[in-house]
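Trainee: below is the structure, and that's it, no one-letter string:
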């Protein structure tokens, strides 16, 4: 059972990561690969604060979210002021830089990882309660992203993606919208990190490398960008496949590269044969009241 | 006659190409000024300089007594400028009505905080904005296409929607970039009626247009631009009659 719970929690966390990344890259149109770094920052902040500073786990988790939130603003502010394209370059540097810093600091446990993270809920209420917690957060995140996409904010995001100059010409500020989208999405990744840390109780820098960026990106692209269920389907599919591969009992030195190839290969295949992903988005945004009459036409 | 927009000594060059040479221009409340000149005279560039899309090398823009020089494009729009685009630039992924709804002066939906925590304010705003958008569309005879996709509409109607969108922000000064290019028939009449009505409500209007009949019928006066400089200002009839300007316009 413990093995199954572990898988359910991993899948749940990937749904959270993919949904929040969909908000950034899909709805926001912001190209970044640094999502795993905010996952890492949430995990490390929560782990360090609760183990070494004695802060209660729920508060530490909240702090983990805040650290991811604030650091994403620090990354987005300078790069988005210049131009959208710089975010990608800055995000690569940020990803490599932060992981390098984590590897070289003493209080993060260095390259060996951070151990003995205090557990949460498991001892008092059993592992099932933690599974439930992750499921609740997962559903909340999926619904939150859907709600934002369908709200007036979603209308503005559509307009901004369509034509940034025209968006400015009606008095809207694209820069702050982008920063808000990036910060919210990254903050959610921080929550996922905190949830990861206090269940598995061990984190290491290598868990948040570029391969994770590829995995999350693949989930969103293969599942379907700018849709509610695309990232969910993508996360389920792409977590199920590697789990199946592990049953082949290949040596770890082969397993890692195979997963990388699989993710990249899937992105390429989908880009050519089904660019809209498994769950296709409809190309016209409609307000909820207008959608009532045209239900079949739009489901973000 | 109160001045709404003042442009002082605007100067801009891209490398060796001068798009604005010491341009001075004033626009008045309720008046429609036609900006005419051959292609490449710097008419659209002047709009870009006034709205802050392009930063000038020198010069000042003052709207209603307030300097706009340090403000960005979207901030100038919020202060009361408005513009349309030669190539329309509607939002293709939004239905017609939503193209207008996203363009209100104040758009509370622009902030996540309002979406998450200030629902009452949002609802009140949306109700008023929807009424206003339908009113603007109604005046253009486009109420029937409010829920259509913009890409499905004929070009002339798209141009009208571009103007309708520019009217949503209650601007004091409206800059129209070739509103009539490609527009015929019913849309032509609607465009003329709407622009005149906007001016009657006290908005200062400046129109870049190659359609001489439209300019002559609509504009209170004309400004002739050539090679980044303003050559003459006067009644449109005078400008059209001037043989020197005609030669500049049509070339040699």
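Mentor: It's in. Quick caveat, the model's predicted, so the values are computed rather than measured.
Trainee: next, count neighbours for the residue of the stretch 1-150 of chain A found nearest chain B.
Mentor: Of all residues in the stretch 1-150 of chain A, the one sitting closest to chain B is residue A:148 (6.5 Å; Cβ to the nearest Cβ). Every C-beta, even on glycine, is put in place using the N, C-alpha and C of the backbone. Close neighbours of residue A:148, defined as other Cβ atoms under 10 Å in any protein chain shown, add up to 20.
Trainee: and residue B:6, by the same measure?
Mentor: 16.
Trainee: where in the stretch 1-150 of chain B is pLDDT low?
Mentor: B:1 (pLDDT under 70).
Trainee: mind redoing it with 50?
Mentor: When residues are selected by pLDDT under 50, none of them lie in the stretch 1-150 of chain B.
Trainee: tell me which parts of it are close to chain A?
Mentor: B:51, B:53, B:72-75, B:77-78, B:83, B:85, B:89-95, B:97-99, B:101-103, B:105, B:107-112, B:115, B:122, B:126, B:147, B:149 (Cβ under 8 Å from any Cβ of the partner chain).
Trainee: which among those count as buried?
Mentor: B:51, B:53, B:72-74, B:77-78, B:83, B:85, B:89-91, B:93-95, B:97-99, B:101-103, B:107-112, B:115, B:122, B:126, B:149 (16 or more other Cβ atoms under 10 Å in any protein chain shown).
Trainee: those residues in strands, which ones?
Mentor: residue B:83 (DSSP state E).
Trainee: can you tell me the SS state at the closest residue to residue B:156 other than its chain neighbours?
Mentor: For residue B:156, ignoring the flanking residues on the chain, the nearest one in space by Cβ to Cβ, 6 or more residues apart in numbering or on different chains is residue B:187 at 3.3 Å. Recorded secondary structure, residue B:187: helix (DSSP: H, G, I helix; E, B strand; the rest coil).
Trainee: residues in contact with residue B:145?
Mentor: Residues in contact with residue B:145 (Cβ atoms under 8 Å, 6 or more residues apart in numbering or on different chains) are B:96, B:137, B:153, B:157.
Trainee: and for residue B:214?
Mentor: Contacts of residue B:214 by Cβ under 8 Å, 6+ apart are B:180, B:188, B:192, B:207.
Trainee: could you check how far residue B:45 is from residue B:21?
Mentor: 11 Å (Cβ to Cβ, to the nearest Å).
Trainee: err, residue A:76, not the other one
Mentor: 40 Å.
Trainee: neighbour count for the two, which is higher?
Mentor: Neighbour count, other Cβ under 10 Å: between residue A:76 and residue B:21, residue A:76 has more, with 26 against 17.
Trainee: ok, the residue of the stretch 51-200 of chain B found nearest chain A - contacts?
Mentor: Here the stretch 51-200 of chain B gets closest to chain A at one residue, residue B:109, 2.4 Å apart by Cβ to the nearest Cβ. Applying Cβ under 8 Å, 6+ apart to residue B:109 gives the contacts A:151-153, A:155-156, B:102, B:115, B:122, B:126.
Trainee: how about JSON lines for the residues you listed, with distance to residue A:174 added?
Mentor: As requested, the contacts of residue B:109 are arranged in JSON lines below (distance: Cβ to Cβ, whole Å):
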{"residue": "A:151", "distance to residue A:174": "17"}
{"residue": "A:152", "distance to residue A:174": "16"}
{"residue": "A:153", "distance to residue A:174": "13"}
{"residue": "A:155", "distance to residue A:174": "14"}
{"residue": "A:156", "distance to residue A:174": "9"}
{"residue": "B:102", "distance to residue A:174": "12"}
{"residue": "B:115", "distance to residue A:174": "17"}
{"residue": "B:122", "distance to residue A:174": "20"}
{"residue": "B:126", "distance to residue A:174": "21"}
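Trainee: now, which of those lie within helices?
Mentor: Within the contacts of residue B:109, residues falling in helices by DSSP state H are A:152-153, A:155-156, B:115, B:122, B:126.
Trainee: that older thread, which of the contacts of residue B:145 has the largest number of neighbours?
Mentor: Neighbour max across the contacts of residue B:145 (other Cβ under 10 Å) = residue B:96, 27 neighbours.
Trainee: pLDDT of stretch B:164-175, averaged?
Mentor: The average pLDDT within stretch B:164-175 is 95.
Trainee: how far away from the center of its chain is that stretch?
Mentor: Put simply, stretch B:164-175 sits 7 Å off its chain's centre (Cα atoms, centre = their mean, to the nearest Å).
Trainee: secondary structure element holding residue 231?
Mentor: Unless you meant another one, I'm taking chain A. helix A:230-246 (DSSP states H and E).
Trainee: nope, chain B please
Mentor: strand B:229-234.
Trainee: what's that strand packed up against?
Mentor: strand B:17-28, strand B:221-226, helix B:243-250 (3 or more Cβ pairs under 8 Å, 6 or more residues apart in numbering or on different chains; DSSP states H and E).
Trainee: now the element after the longest one, going C-ward?
Mentor: It refers to strand B:17-28. Per DSSP H and E, the helix or strand that comes after strand B:17-28 is strand B:32-36.
Trainee: show me what from the stretch 101-250 of chain A comes close to chain B.
Mentor: Going by Cβ under 8 Å from any Cβ, the residues of the stretch 101-250 of chain A near chain B are A:148, A:151-153, A:155-156, A:158-159, A:161-163, A:165-174, A:177, A:180, A:184.
Trainee: and the residue in the stretch 101-250 of chain A positioned nearest to chain B, what does it touch?
Mentor: Taking Cβ to the nearest Cβ as the measure, the stretch 101-250 of chain A has residue A:152 as its residue closest to chain B, at 2.4 Å. The contact partners of residue A:152, taken as Cβ under 8 Å, 6+ apart, are A:287, B:101, B:107-110, B:115, B:122, B:126.
Trainee: dump these into TSV; add distance to residue A:138 as well.
Mentor: Putting those into TSV (distance: Cβ to Cβ, whole Å) gives the following:
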residue	distance to residue A:138
A:287	27
B:101	32
B:107	31
B:108	29
B:109	26
B:110	28
B:115	21
B:122	27
B:126	30
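Trainee: pull the most distant pair out of those.
Mentor: The two members of the contacts of residue A:152 with the most space between them (Cβ to Cβ) are A:287 and B:110, at 15.3 Å.
Trainee: sorry, back to before: so what touches the strand holding residue B:231?
Mentor: B:20-25, B:37, B:42, B:221-225, B:239, B:242, B:245, B:248.
Trainee: how about 10 Å then?
Mentor: B:7, B:10, B:18, B:20-26, B:33, B:35-37, B:41-42, B:46, B:221-226, B:238-239, B:241-242, B:244-245, B:248 (Cβ atoms under 10 Å, 6 or more residues apart in numbering or on different chains).
Trainee: pull out the buried members of the residues of the stretch 101-250 of chain A next to chain B.
Mentor: A:148, A:151-153, A:155-156, A:158-159, A:161-163, A:166-174, A:177, A:180, A:184.
Trainee: returning to that earlier point: who touches both of residue B:45 and residue B:21?
Mentor: B:10, B:12, B:225, B:228.
Trainee: residue ranges with poor pLDDT in chain A?
Mentor: Ranges of chain A meeting pLDDT under 50: A:295-299.
Trainee: try 80 this time
Mentor: A:1, A:81-85, A:122-123, A:240-253, A:255-256, A:259-260, A:263, A:288-300 (pLDDT under 80).
Trainee: residues contacting the spatially most central residue of chain B?
Mentor: By Cα atoms, centre = their mean, chain B has its centre lying nearest to residue B:175, at 2.5 Å. If you count contacts by Cβ under 10 Å, 6+ apart, residue B:175 has them with B:5, B:27, B:35, B:44, B:46-48, B:50-51, B:81-84, B:166, B:204-208.
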